[in-house]
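1. What follows is a predicted protein model with its sequence.
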Amino acid sequence: MKHYLTITFAVLLALSLQANAYERVKTPATEIVLEADAGKPLRIHYYGPHLADADIESLVASGSLNCDAYPAYGMGKDNGCKALSVVHSDGSLATELRVAESYRESESNAEILKVKLVDTKYPFYVTVCYRAYKDVDMIETWTEFENREKKPVTLTRFDSGLLPVRRGDVHLSYFTGDWAAETYLHEMPLQGGVFCISNYDGVRNSHTSHSEVMLSLDGKAQENSGRVIGAALCYSGNYEIRVETPAGKNHRVFAGIAPDNSFYILEPKELFVTPVLAFTYSDEGLGGASRSFHRWARKYRLAHGDRERKILLNSWEGVYFDINEQGMDQMMGDIASMGGELFVMDDGWFGEKYPRLTDNCALGDWKVDRNKLPGGVSALVRMADRHGISFGIWIEPEMTNSVSELYEKHPDWIIKAPGRDPVMGRGGTQLVLDMSNPEVQDFVFKVVDDIMQENPDIDYIKWDANMNVRNHGSQYLPADRQSHLFIEFHRGFAKTCDRIRAKYPDLTIQACASGGGRANYGVLPWFDEFWVSDNTDALQRVYMQWGTSYFYPAIAMGSHISAAPNHQTGRVIPIKYRIDVAMSGRLGMEIQPKNMTAEEIALCRNAIAQYKQIRPVVQFGDIYRLISPYEGKNLASMMYCSEDKSQAVFYWWKLETFCSELLPRVRMAGLDPERMYTVHELNRIDRNPLPFEGKAFSGRYLMENGLEIPYSHKADGYNSDWSSRVLHLVAQ
Ligand code: GLA
């Protein structure tokens, strides 16, 4: 047991006579500077590029952020937002934290600073932690609470951390959305008051808003210039990000688990660890912050971030619930013949007593429907193998329906308010299983385990979650712990995912939740990717994927070519444009191939072959966003550059067509100015090659001038309302 547990506030007072102790937490190019004097509050003085040693004293003396690093409620003159509120064991609501000690821990790729704070009256300990990566400009902060009081204390607010930002012309970028309209980007100047982004779904958390923000410190957000701080709360459950602009010189960004209806009773000796708040600083604009997040994700926060993703066909929009052996065989054959590498059978394959013919039954009954699939899943896995591709399967393991064998057997496993009828979701019958219950955790583990034991060759799981918590109540947790439901649900989810990953480390798992409900770094340590949205309309995807790319790399974004008219918007977009948009993420297909024309099939086959060429650049490269669809220029454009700048892929999507229109000439970014790049158009449909096809240009020219892209296509029968280009640049 560490000696800090015996440190009392009196000892701290004696220690506080010592000189200032600055703690510096450094990444390759950035640092955060804290003042961690024993007996005093922990203060943040600085976050930004590295400082010279000599500058620190001057900075502090002449005006630093000088902000309480973890303000607690109840004592002192600061009456603004708080990171922590506690009801102590004697009922007192006042907490006053002082530094007890600080120490460092080493990891192979990071260093952690831990600052232990203690209350001035109670043996209540709060450790504020900062992990700085050695090879990515990313710092993670989180907090640990330890109750050494004799009786339980209640945490009524318990943020992961706080980040101060010097006021000025600071602009906030954030995302809101809805089912089929996820991740819409908003930007606004920060003004007085508290702006809160939150989610209270209970199960998923990124449909209506994202737990990520960008703060542009030098006025309106710029893609490739200006200072930007990006922050992401890495949690799968309810959250709150509060951006406070009080009187005084700092904005303060607080982020953590949403405390509403989640007050937490901390037992004596119990340790509570908050989720991580990850943040980065860049002076290369929003793009610089995105690139750091992507790099960090691929290295540390995303399952298999270093492994290329397979090109797949998912059955959902192709056949919906109409699953049968012959149909699956046909789809597998079609995707294989187009060069795809994986087939995923979506919803509709299971249910014995209650066959899953539509969305109103059988969740929980993960037994194959032998009427649809007489040979079972294993016949399909063998079939896929014969077609030379891998096989994947859809499940929704945290859910059930009132019409299911599972519910008949275990009505006590669902989330519902005591003494009230359950509130149903999808299909009028869907229910959420109570992941706080260890029996449910075992069940969910077993869903995956049984499937994998039976068919070890299954390569991919699409893990869905199509319902939120609609009536608060755990039948497992005791009456006086009902407020722990949301937290325990996600602890149970995490424990189960840990078990699954320990046993099946190589499996590819997609996080889907009615589309993009689980696009969150809280789930990605266990998941390889997420489904961006149930909306596969290429035009709307340009906007959604643009926003998603602020924090998430292309390798994590399921992005599929789907049918026209589109099933969500009804929009008719030519296949070329649909392909060009899908190819900017983790490429897949969401379509019935047998309904495609021969020309569409040929274009997809060609696109898949070309995607294989550019896949490492798209999936592991650095993103440079060039023209935002939100800017109203009728154009969106972005590119990926390989880390060594030897290759790049440039995307150009026209958003609307007008006669005699004028679109901006797009300057590229991220290239090596000194190298010559040969330009080759991918997915070409025009009769004649582009004027610059096969020609070489210096990186400098491409970045200073860009290429003049024709606004329309010259191809037989092509509707030039839709125009898009993908260019592959290869350094000579
Ligand atoms: C959710 C998913 C879809 C599909 C259906 C199946 O809506 O987002 O992709 O898997 O469930 O029911």
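-> Thanks, I have it.
2. Which phi and psi values does residue 621 adopt?
-> Dihedral pair for residue 621: phi -80, psi 180, per degrees, to the nearest 10.
3. Apologies, that question was intended for residue 89.
-> Dihedral angles (degrees, to the nearest 10) for residue 89: phi -60, psi -20.
4. Identify the residue nearest it in space, chain neighbours excluded?
-> Of all residues not flanking residue 89 in the chain, residue 151 sits nearest, at 3.7 Å (C-beta to C-beta, 6 or more residues apart in numbering). The C-beta positions use only the backbone N, C-alpha and C, and glycine is treated the same way.
5. quick one: residue 566 from the ligand, how far?
-> Per C-beta to the nearest ligand atom, to the nearest Å, residue 566 is found 14 Å from the ligand.
6. Look at the residue nearest to residue 89 and say how many residues are nearby.
-> Using other C-beta atoms under 10 Å, residue 151 is surrounded by 10 other residues.
7. Helix or strand next in line after the longest helix along the chain, which one?
-> In the chain, assigned by DSSP state H, the helix with the most residues is helix 598-620. On the C-terminal side of helix 598-620, the closest following helix or strand by DSSP states H and E is strand 622-627.
8. what's that next one in contact with?
-> 223-224, 286-287, 290-291, 294-295, 546, 549, 553-554, 633, 635-643, 664, 666-670 (C-beta atoms under 8 Å, 6 or more residues apart in numbering).
9. for the very next helix or strand once past it, the distance to its chain's centre please.
-> For strand 622-627, the following helix or strand on the C-terminal side (DSSP H and E) is strand 635-641. Taking C-alpha atoms, centre = their mean, to the nearest Å, the mean C-alpha location of strand 635-641 is offset from the chain mean by 21 Å.
10. What strands flank strand 635-641, and is each parallel or antiparallel?
-> According to DSSP bridges, strand 635-641 has the following sheet partners: strand 622-627 (antiparallel), strand 647-654 (antiparallel).
11. Just name the most buried of those strands.
-> A comparison of those by mean neighbour count, using mean count of other C-beta atoms under 10 Å, puts strand 647-654 on top with a mean of 24.
12. now that one: mean pLDDT?
-> Per-residue pLDDT over strand 647-654 has a mean of 98.
13. For residue 321, which non-adjacent residue is closest in space?
-> Closest to residue 321 by C-beta to C-beta, 6+ apart is residue 348, at 3.6 Å.
14. Next one: the residue of the chain found nearest the ligand from residue 183, what distance?
-> Of all residues in the chain, residue 347 sits closest to the ligand, at 3.5 Å by C-beta to the nearest ligand atom. Applying C-beta to C-beta, to the nearest Å, the value for residue 347 to residue 183 is 23 Å.
15. and the two? which has more neighbours close in?
-> Comparing residue 347 with residue 183 by other C-beta under 10 Å, the one with more neighbours is residue 183, at 26 against 22.
16. Double-check the more buried one against residue 544; I have them as touching.
-> Yes - counting by C-beta atoms under 8 Å, residue 183 touches residue 544, with 5.0 Å between them.
17. The residue nearest to residue 89 is in contact with residue 266, isn't it?
-> No - in this structure, residue 151 is not within contact of residue 266 by C-beta under 8 Å, at 10.3 Å.
18. if we can go back for a sec, can you lay out the strands paired with strand 635-641 as TSV showing distance to the ligand?
-> Formatted as TSV, the strands paired with strand 635-641 follow (distance: least, C-beta to the nearest ligand atom, whole Å):
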stretch	distance to the ligand
strand 622-627	25
strand 647-654	23
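19. who touches both of residue 183 and residue 544?
-> With C-beta under 8 Å, 6+ apart, residue 183 and residue 544 have common neighbours 177, 516, 532, 533.
20. Tell me how many other residues crowd the third one.
-> If you count neighbours by other C-beta under 10 Å, residue 532 ends up with 26.
21. which residue ranges form the strands in the stretch 51-200 of the chain?
-> Using DSSP state E, counting those that start in this stretch, the strands of the stretch 51-200 of the chain run over 67-68, 84-87, 97-107, 110-119, 124-133, 139-147, 153-166, 171-176, 184-189, 193-199.
22. residues in contact with the second one?
-> Right, strand 84-87. 70-74, 93, 95, 97, 124, 126, 143, 145, 153-159, 259.
23. Ok, the fourth one next?
-> Residues external to strand 110-119 that are found in contact with it (C-beta under 8 Å, 6+ apart): 4, 7-9, 12, 23, 25-26, 34, 36, 42, 69-70, 88, 95-106, 124-134.
24. what stretches of the protein score poorly on pLDDT?
-> Applying pLDDT under 70 to the chain picks out residues 1-20.
25. Show me which residues of it are close to the ligand?
-> The chain has residues 316, 346, 347, 359, 394, 464, 466, 512, 514, 515, 531, 534 near the ligand, with proximity defined as C-beta under 6 Å from any ligand atom.
26. circling back to that earlier point, Throw the strands paired with strand 635-641 into TSV and include distance to residue 538, thanks.
-> What follows is these, written out as TSV (distance: least, C-beta to C-beta, whole Å):
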stretch	distance to residue 538
strand 622-627	17
strand 647-654	8
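27. what's the closest of those to residue 271?
-> Nearest of the strands paired with strand 635-641 to residue 271, taken as C-beta to C-beta: strand 622-627 at 38.2 Å.
28. CA atoms of that closest one as PDB?
-> Extracted C-alpha coordinates of strand 622-627, given in PDB (Å, rounded to 0.1, in the frame of the first residue of the first chain):
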ATOM      1  CA  ASP A 622      -2.700  11.100 -43.100                       C
ATOM      2  CA  ILE A 623      -5.900  12.900 -43.900                       C
ATOM      3  CA  TYR A 624      -5.900  16.400 -45.400                       C
ATOM      4  CA  ARG A 625      -9.400  17.900 -45.800                       C
ATOM      5  CA  LEU A 626      -9.300  20.600 -48.500                       C
ATOM      6  CA  ILE A 627     -12.800  22.000 -49.300                       C
END
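29. unless I'm mixing things up, residue 642 is touching residue 614, no?
-> No - contact between residue 642 and residue 614 fails when scored by C-beta under 8 Å: they sit 9.6 Å apart.
30. which residues of this structure fall in helices?
-> 9-15, 53-62, 285-296, 316-319, 325-337, 376-386, 405-409, 438-454, 485-503, 538-548, 575-582, 598-620, 699-704.
31. pretty sure residue 206 contacts residue 523?
-> No - using C-beta under 8 Å, residue 206 is not in contact with residue 523; the gap is 9.4 Å.
32. Can you check which residues contact both of these two?
-> Counting by C-beta under 8 Å, 6+ apart, nothing touches both residue 206 and residue 523.
33. Work out the gap between stretch 500-509 and the centre of the chain.
-> The answer for stretch 500-509 is 19 Å, by C-alpha atoms, centre = their mean.
34. going forward, begin numbering at 31 instead of 1
-> Sure, I'll start numbering at 31, so the last one becomes stretch 530-539.
35. Pull up the distance across that stretch, start to finish.
-> 10 Å (C-alpha to C-alpha, to the nearest Å).
36. ok so, going back, looking at the strands of the stretch 81-230 of the chain, which is closest to residue 517?
-> strand 183-196 (9.6 Å).
37. quick one, that closest one and strand 201-206 angle?
-> Strand 183-196 runs at 130 degrees relative to strand 201-206, counting by axes from the mean of the first three to the mean of the last three C-alpha atoms, to 10 degrees.
38. Which strands or helices does strand 183-196 pack on?
-> strand 73-79, strand 97-98, strand 114-117, strand 169-177, strand 258-264, strand 280-287, strand 294-296, strand 306-312 (3 or more C-beta pairs under 8 Å, 6 or more residues apart in numbering; DSSP states H and E).
39. one step back: the contacts of strand 652-657, buried ones only, as a ChimeraX selection?
-> Buried residues within the contacts of strand 652-657, by 16 or more other C-beta atoms under 10 Å, are selected in ChimeraX with:
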select :253,254,316,317,320,321,324,325,576,579,583,584,663,665,666,667,668,669,670,671,672,696,697,698,699,700
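40. Let me know whether residue 235 touches residue 265 as I believe.
-> Yes - under the criterion of C-beta under 8 Å, residue 235 makes contact with residue 265 at 7.4 Å.
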